[in-house]
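Peer 1: Give me a model of this one.
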Amino acid sequence: MRNFLLGVILTLAVVFGGGYLYLATGIYNPSAIPDPGKLERSIAHLSLEASVERRAPDQQNPIQATEENLIAGARMYEQFCSDCHGGAKHRVSEFGRTFSPRVPQIINRIPRDPDANLFWITRNGIKMTGMPYWSHILSDDDIWKVVTFIKHSDKLPPRVQEEWHKTEHKADHEH
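Peer 2: Numbers count the residues shown, from 1 in each chain. This is a model prediction of the structure:
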């Protein structure tokens with residue numbers, strides 16, 4: 001039994017020591033230009049999903065997908081989110097594609113995550129990704145409206161679609 005424990009301790013020391021040397025000697029490339037490797041993406045995604053699932057509120061989205069709520073959500077989305085996540089004019093953001101890890105293009109590819117998870121991510125942000133927390137700018141109701149808009153953005157009623165595109169054009173002229 002003593003030899004087994006010694007083997008476990010030695011194995012852990014080699015693994016952690018090797019990891020430390022990998023990072024401390026500059027072998028790890030921190031540049032945002034190369035895409036993260038498959039292993040790095042898998043580990044980060046697994047960790048993020050589990051962490052958000054653990055912390056997201058255990059509730060349904062309290063905002064109904066009425067035209068008024070969707071329009072309000074579209075306006076806030078276009079103002080605060082579209083530069084990175086894609087919007088009415090460009091469903092894929094070239095700016096968002098320069099981040100590492102890459103910013104999800106949520107208008108081009110609607111997330112299947114539960115609404116509560118998107119709410120938590122938007123409200124609290126995600127460390128080391130460039131995703132800020134919005135709770136200091138948007139109220140919880142506003143964040144829920146943005147989530148409602150995102151989840152319905154592929155099937156908007158004509159009036160909402162028209163208002164969303166008006167918002168996009170207005171934002172274009174402000175820049």
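Peer 1: Need the phi and psi values for residue 126.
Peer 2: Dihedral pair for residue 126: phi -130, psi 120, per degrees, to the nearest 10.
Peer 1: Show me what it is bridged to.
Peer 2: residue 131 (DSSP bridges).
Peer 1: ok, how many other residues are close to it?
Peer 2: 17 (other C-beta atoms under 10 Å). (C-beta placed from N, C-alpha, C; glycine too.)
Peer 1: next one: residue 5
Peer 2: Neighbours of residue 5 (other C-beta under 10 Å): 9.
Peer 1: pLDDT score for it?
Peer 2: On the pLDDT scale, residue 5 is placed at 89.
Peer 1: which secondary structure element contains it?
Peer 2: helix 2-24 (DSSP states H and E).
Peer 1: what does the next helix-or-strand element following that helix contact?
Peer 2: For helix 2-24, the following helix or strand on the C-terminal side (DSSP H and E) is helix 38-55. Helix 38-55 has contacts (C-beta atoms under 8 Å, 6 or more residues apart in numbering) with 36, 101, 113, 117, 120-121, 124, 126.
Peer 1: Can you say which two of those residues are spatially most distant?
Peer 2: 36 and 120 (23.0 Å; C-beta to C-beta).
Peer 1: where does this protein dip in pLDDT?
Peer 2: Applying pLDDT under 70 to the chain flags residues 34, 169-175.
Peer 1: Which segments of it make up each domain?
Peer 2: 1-30, 38-174 (automatic domain parsing).
Peer 1: looking at the ones you listed, which is buried most?
Peer 2: Greatest average neighbour count among these goes to domain 38-174 (a mean of 16), per mean count of other C-beta atoms under 10 Å.
Peer 1: right, and residue 118 touches residue 112 too?
Peer 2: No: with contact defined as C-beta atoms under 8 Å, residue 118 does not count as touching residue 112 (10.2 Å).
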